[in-house]
Structures are given as structure tokens and as C-alpha cells.
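Participant: this one's sequence-less:
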């Protein structure tokens, strides 16, 4: 099965199957890795909200972890963190 052409994509970019990115591990793409300083983290969940992939998860106490199998190293999490608890480290 090939990639759909623009003519085959549903109007409005409707997503017909949710969470398809979970099928593809993309962690090998990144050139930097996010590191969380849990002493600074205030559990605001901005990183979790803004992560474009399912790379950041949270538990019942709103502690976050980063799944490096899916993190592409985009740095959005570090940029939205209001207390700079997340830094990007070069590989």
C-alpha cells in the first residue's frame, strides 16, 4: 500500500483512524534528547499537552515521562515549559 495522493485524502484532513503514530517508532530521528529536571517540574502538563507525538505520558499524580521510542526531539516540550524543567541535550 503506497502513500495516498492529495486526491485520496478526505476533505478537511479528517483523521479516519486515531493514534496511528503509535504504530511507528520514530525516536531514531532526533538529534537532541529532552531531559526533565523533576526538582523543577511543577506538573503543569504543558509538555504533555503540546507534544505532537504520544511521546509524553503522565501518571495519576501528573508526573510526566518521555518515551524516547516516539520522541522526535523537536523541543516543543522544552519551549513551553514555564519553569524550564526540560532541556534539550545534543546526542
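Facilitator: Here it is on my side, so go on. Keep in mind that what you see is a predicted model, and the values were worked out from it rather than measured.

Participant: hey, let's count contacts and neighbours off CA atoms from now on
Facilitator: Will do.

Participant: residues near residue 17, how many?
Facilitator: Using other CA atoms under 10 Å, residue 17 is surrounded by 6 other residues.

Participant: Can you report how many residues lie near residue 56?
Facilitator: 20.

Participant: Once you drop chain neighbours, what's closest to it?
Facilitator: Closest residue to residue 56 apart from its sequence neighbours, by CA to CA, 6 or more residues apart in numbering: residue 66 at 4.6 Å.

Participant: for that neighbour, what are its contacts?
Facilitator: Contact analysis of residue 66 by CA atoms under 8 Å, 6 or more residues apart in numbering lists 34, 55-57.

Participant: quick one, helices of this structure?
Facilitator: Using DSSP state H, the helices of the chain run over 46-50, 76-80.

Participant: Rebuild these as a markdown table, extending it with mean pLDDT, distance to residue 39 and mean neighbour count.
Facilitator: Shown next, in a markdown table, are those (pLDDT from 0 to 100; distance: least, CA to CA, whole Å; neighbours: other CA atoms under 10 Å):
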| stretch | mean pLDDT | distance to residue 39 | mean neighbour count |
| --- | --- | --- | --- |
| helix 46-50 | 97 | 16 | 18 |
| helix 76-80 | 98 | 15 | 20 |
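
Participant: would CSV of the ones you listed with distance to residue 90 be doable?
Facilitator: Shown next, in CSV, are these (distance: least, CA to CA, whole Å):
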stretch, distance to residue 90
helix 46-50, 19
helix 76-80, 13
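
Participant: List just the one of these that sits closest to residue 7.
Facilitator: Proximity to residue 7, assessed across these by CA to CA, is greatest for helix 46-50 (29.7 Å).

Participant: where does this protein dip in pLDDT?
Facilitator: Residues of the chain meeting the criterion pLDDT under 70: 1-4, 6, 9-10, 12-14.
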